[in-house]
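K.L.:
only geometry, no sequence info:
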């Protein structure tokens with residue numbers, strides 16, 4: 001079954017959106033690398049890998065549906081942040097943006113009656129609910145910790161213990177081998 005041209009265009013845009021998200025998270029990891037928060041650096045590095053995996057899932061889907069993959073440039077991400085709360089607030093906004101993008105894709109898949117694409121997009125919507133909740137939970141805890149160094153280090157350690165997505169491959173940043 002070939003892919004509707006409008007949906008194919010939007011799925012290609014989503015490949016770019018996911019790669020952009022990966023780049024944004026990599027910039028966040030790089031920012032944390034310059035701080036004492038190696039656990040948060042590992043969290044963001046793992047998020048970057050997960051977003052790359054999402055892009056590849058969209059990529060493979062487009063290929064499997066016999067449509068052309070058309071890659072676009074990725075914008076330079078923001079690289080400076082005030083503190084961990086600023087980073088996680090930016091992360092939550094990014095996840096909400098991606099959720100909206102996937103919701104819009106789902107609406108188009110419904111309009112063109114592409115049930116296979118709807119199935120793929122439902123998987124992503126469920127993933128996004130989980131991602132938003134995870135970031136929101138950490139953000140709430142960071143706000144509770146405020147500027148208390150001991151509390152921030154506890155949260156950093158917990159963030160560093162978070163498991164990398166399975167099958168992500170690749171290396172980890174120098175400072176947190178458990179990332």
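P.N.:
Sure, I can see it. Note that the structure is a prediction, hence the values are computed from the model and not measured.
K.L.:
This structure: helices as residue ranges?
P.N.:
Secondary structure of the chain (DSSP state H): helices at 5-33, 38-64, 84-111, 115-145, 149-161.
K.L.:
Give me the packing partners of the shortest one, helices and strands only.
P.N.:
To tie it back to what came earlier, the one meant is helix 149-161. When contacts are defined as 3 or more CB pairs under 8 Å, 6 or more residues apart in numbering; DSSP states H and E, helix 149-161 packs onto helix 38-64, helix 84-111, helix 115-145. Yep, even glycine has a C-beta here, placed from its N, CA and C like the rest.
K.L.:
related to what we said a few turns ago, I'd like to know which of the helices of the chain lies nearest to residue 72.
P.N.:
helix 5-33 (4.6 Å; CB to CB).
K.L.:
List the buried residues of the closest one.
P.N.:
For helix 5-33, a neighbour-count test (16 or more other CB atoms under 10 Å) marks 7-8, 10-33 as buried.
K.L.:
and the helices and strands packed on helix 149-161, which is most packed in?
P.N.:
Each of the helices and strands packed on helix 149-161 was scored by mean neighbour count; the highest is helix 38-64, a mean of 21, by mean count of other CB atoms under 10 Å.
K.L.:
could you give the mean pLDDT of it?
P.N.:
With pLDDT averaged residue by residue, helix 38-64 scores 98.
K.L.:
Tell me which other helices or strands that helix touches.
P.N.:
helix 5-33, helix 84-111, helix 115-145, helix 149-161.
K.L.:
would you turn those helices into a markdown table with distance to residue 59 and mean pLDDT?
P.N.:
Listed next are the helices and strands packed on helix 38-64 as a markdown table, based on distance: least, CB to CB, whole Å; pLDDT from 0 to 100:
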| stretch | distance to residue 59 | mean pLDDT |
| --- | --- | --- |
| helix 5-33 | 5 | 98 |
| helix 84-111 | 14 | 98 |
| helix 115-145 | 12 | 97 |
| helix 149-161 | 29 | 96 |
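K.L.:
Any chance of TSV for those helices, columns distance to residue 53?
P.N.:
Output for the helices and strands packed on helix 38-64, formatted as TSV (distance: least, CB to CB, whole Å):
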stretch	distance to residue 53
helix 5-33	9
helix 84-111	13
helix 115-145	10
helix 149-161	19
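K.L.:
Report the separation between residue 157 and residue 85.
P.N.:
17 Å (CB to CB, to the nearest Å).
K.L.:
ditto for residue 21
P.N.:
20 Å.
K.L.:
measure stretch 140-155 end to end?
P.N.:
Criterion CA to CA, to the nearest Å; first-to-last residue distance in stretch 140-155 is 11 Å.
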